[in-house]
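coordinates only, sequence not included:
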């Protein structure tokens, strides 16, 4: 069965500090992983996907198949990064399984 | 970029009535559309997968007779909550998969309150 685990419900850091949002997955096939972000009062939007290997807004995520992880990292957090972050696993027929999300707060 | 709209953004209805929510992909033809439900401070739960011209595929535990999905065209899917009850009150979100990139774009959601 597909499963996505985000162990931290809340994460609080100071501006300029590094941030890492953890995501672990369980999937028998070849995984396709995503990070979605939801800013306050806005819709869910794609932040990045592992196959594109892009860096968006300074965030990166590396797929580690050995550890079944896809942690999201940013070296220097900004206040505007405060949002809800969801890790998602793509399955058959474009279905996404979401983790429970991590609320990131970046303090000034 | 690809935009997905939902209408209405919020609706309040009486118990026992039916409510229809529309999901539209505004500038692309969606290969597939999805309906999610989100409870307060919780993650998105996939309810069903909607494909144009065919019956929706429902996730386990989702009553298909309760949540009717119609996918009339490549840009429109509707979710009708039939005989709504207070426990159906929730935030309903749709998404549409764009061709080529297969990226899911999300609507802004519809807040349903059943009195």
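Yep, it's here. In this text, all values refer to a predicted model and were calculated from it rather than measured experimentally. Numbering: from 1, shown residues only, chains lettered A, B, ... in the order given.

What residues does chain B have near chain A?
B:31-32, B:34, B:42-44, B:46, B:49, B:57, B:93, B:95, B:97, B:102-109 (C-beta under 8 Å from any C-beta of the partner chain). The C-beta positions use only the backbone N, C-alpha and C, and glycine is treated the same way.

And the buried ones among these, selectable in ChimeraX?
Buried members of these, defined by 16 or more other C-beta atoms under 10 Å in any protein chain shown, are picked up in ChimeraX with:
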select /B:31,32,34,43,44,46,49,57,93,95,97,103,104,105,106,107,108,109
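
can you pull out the strands in the chain?
Assuming you mean chain A. A:3-5, A:10-14, A:19-21, A:24-26, A:32-38, A:45-49, A:60-61, A:72-74, A:83-90, A:96-98, A:102-107 (DSSP state E).

um, chain B though
B:4-7, B:10-13, B:19-25, B:32-38, B:44-50, B:57-58, B:67-73, B:76-81, B:90-97, B:104-106, B:110-114.

Which strands border the longest one, and is each parallel or antiparallel?
Paired strands of strand B:90-97, with direction, are strand B:32-38 (antiparallel), strand B:104-106 (antiparallel), strand B:110-114 (antiparallel) (DSSP bridges).

now those strands as CSV including mean pLDDT?
As requested, those are exported to CSV (pLDDT from 0 to 100):
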stretch, mean pLDDT
strand B:32-38, 94
strand B:104-106, 93
strand B:110-114, 96
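
Next, count neighbours for residue B:58.
Counted with other C-beta atoms under 10 Å in any protein chain shown, residues neighbouring residue B:58 total 19.

Settle this for me: it is touching residue B:64, isn't it.
Yes - counting by C-beta atoms under 8 Å, residue B:58 does reach residue B:64; the two are 4.8 Å apart.
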